[in-house]
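A.B. asks: okay, predicted coordinates and the sequence, questions at the end:
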Amino acid sequence: MNKAEPSKLTFKFIRGVEGEKADHEWPDGADIVRKALAESLNAKNVAFLLGAGCSSSWVNGKEVGIPTMAPLAKEFTAAPKEGDQSFPTADERDALLKQFGIDIGAAEYARNLERLMELLFSLRFVLVRGSLGDAATSLKIVESIIKKVQTFLSAKCTNGAFANGDDTVIGLYESFYRKLVLRDRSLPRPWLFTTNYDLFNETAMDRLGLPYTNGFSGVVERRFNPATFRYPR
């Protein structure tokens with residue numbers, strides 16, 4: 001969404017090869033999207049790709065879901081707070097800048113934590129195989145920041161309003177899956193792909209009692225098994 005005016009939010013809805021060029025106002029324009037999606041559900045083969053933003057929802061100016069990548073990155077890469085060890089410390093940031101010319105607060109990383117992680121993993125790969133005298137010290141710093149990113153993202157995906165009684169986001173997922181259930185049962189089951197880290201999809205389907213296959217087999221000891229996608233459903 002983009003802010004057209006202080007009191008207006010607009011969004012784009014692209015459909016078909018050509019797509020639509022006009023902006024739609026929120027929330028009135030949402031009816032156009034709902035109608036188009038309802039029509040699409042009648043197609044024989046249906047697949048959905050859920051990416052960043054699907055698990056984010058704002059209520060009364062507060063995030064009650066999981067923030068999208070930009071605000072996550074902005075929070076993590078902000079100037080360090082005195083005594084807070086859960087984010088990169090001033091010493092760690094200074095070491096990265098002096099030794100590798102990497103500024104964690106640079107715009108590229110302040111918008112995308114995955115880009116920062118790509119860089120850190122590449123650095124770790126080189127340092128593990130390096131023979132320079134200070135390689136071990138640098139490796140320790142890089143691994144510390146990697147761990148902090150992972151812990152930060154894990155906390156954002158498991159803690160928050162949604163983990164403390166707020167059903168706004170999970171309610172949206174349940175509503176979505178209820179509509180899928182209304183599809184003609186003679187049609188092939190829909191496919192859904194997501195690049196998100198959270199478990200809102202699985203939680204919603206569990207609550208609704210819907211059977212699904214997510215590529216894992218086993219109960220006590222679960223293992224990824226792509227063959228499950230070929231099992232009859």
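C.D. replies: Thanks, I have the structure now.

A.B. asks: could you use CA atoms for every contact and neighbour count after this?
C.D. replies: OK.

A.B. asks: quick one: contacts for the residue most central in space within the chain?
C.D. replies: Centrality entry for the chain: nearest residue to the mean C-alpha point is residue 196, 3.7 Å, by CA atoms, centre = their mean. The contact partners of residue 196, by CA atoms under 8 Å, 6 or more residues apart in numbering, come to 50, 51, 52.

A.B. asks: these two touch, right, residue 192 and residue 48?
C.D. replies: Yes: using CA atoms under 8 Å, residue 192 is in contact with residue 48, at 4.7 Å.

A.B. asks: correct me, but residue 42 touches residue 183?
C.D. replies: Yes: assessed by CA under 8 Å, residue 42 is found in contact with residue 183 at 6.9 Å.

A.B. asks: look at those two and report which has more neighbours.
C.D. replies: residue 183 (17 against 14; other CA atoms under 10 Å).

A.B. asks: which SSE is that one in?
C.D. replies: Residue 183 belongs to no helix or strand when assigned by DSSP states H and E.

A.B. asks: how close does the residue nearest to the centre of the chain get to residue 133?
C.D. replies: Separation of residue 196 from residue 133 (CA to CA, to the nearest Å): 40 Å.

A.B. asks: after the helix or strand hosting residue 138, which helix or strand is next?
C.D. replies: Following DSSP H and E, one finds residue 138 within helix 135-158. Counting by DSSP H and E, the element after helix 135-158 in chain order, helix or strand, is helix 168-181.

A.B. asks: and that following helix, what does it pack onto?
C.D. replies: On a contact count with 3 or more CA pairs under 8 Å, 6 or more residues apart in numbering; DSSP states H and E, helix 168-181 meets helix 200-208.

A.B. asks: try 10 Å this time
C.D. replies: The contact analysis (3 or more CA pairs under 10 Å, 6 or more residues apart in numbering; DSSP states H and E) places helix 168-181 against strand 58-59, helix 200-208.

A.B. asks: could I get the ones you listed in CSV, plus columns for mean pLDDT and mean neighbour count?
C.D. replies: Below are the helices and strands packed on helix 168-181 laid out as CSV (pLDDT from 0 to 100; neighbours: other CA atoms under 10 Å):
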stretch, mean pLDDT, mean neighbour count
strand 58-59, 88, 11
helix 200-208, 93, 16
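
A.B. asks: how is the chain divided into domains?
C.D. replies: Per automatic domain parsing, the structural domains of the chain span 1-40, 45-65+160-233, 69-151.

A.B. asks: so which of those is the most surrounded?
C.D. replies: The highest mean neighbour count among the domains of the chain, using mean count of other CA atoms under 10 Å, belongs to domain 69-151: a mean of 15.

A.B. asks: average pLDDT for it, rounded please.
C.D. replies: Per-residue pLDDT over domain 69-151 has a mean of 91.

A.B. asks: can you give me the helices for the chain?
C.D. replies: Remark: helices assigned in the chain by DSSP state H are 30-40, 69-77, 90-100, 107-110, 113-128, 135-158, 168-181, 200-208.

A.B. asks: could the ones you listed go into JSON lines alongside distance to residue 13?
C.D. replies: Formatted as JSON lines, the helices of the chain follow (distance: least, CA to CA, whole Å):
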{"stretch": "helix 30-40", "distance to residue 13": "7"}
{"stretch": "helix 69-77", "distance to residue 13": "21"}
{"stretch": "helix 90-100", "distance to residue 13": "40"}
{"stretch": "helix 107-110", "distance to residue 13": "27"}
{"stretch": "helix 113-128", "distance to residue 13": "26"}
{"stretch": "helix 135-158", "distance to residue 13": "27"}
{"stretch": "helix 168-181", "distance to residue 13": "18"}
{"stretch": "helix 200-208", "distance to residue 13": "23"}
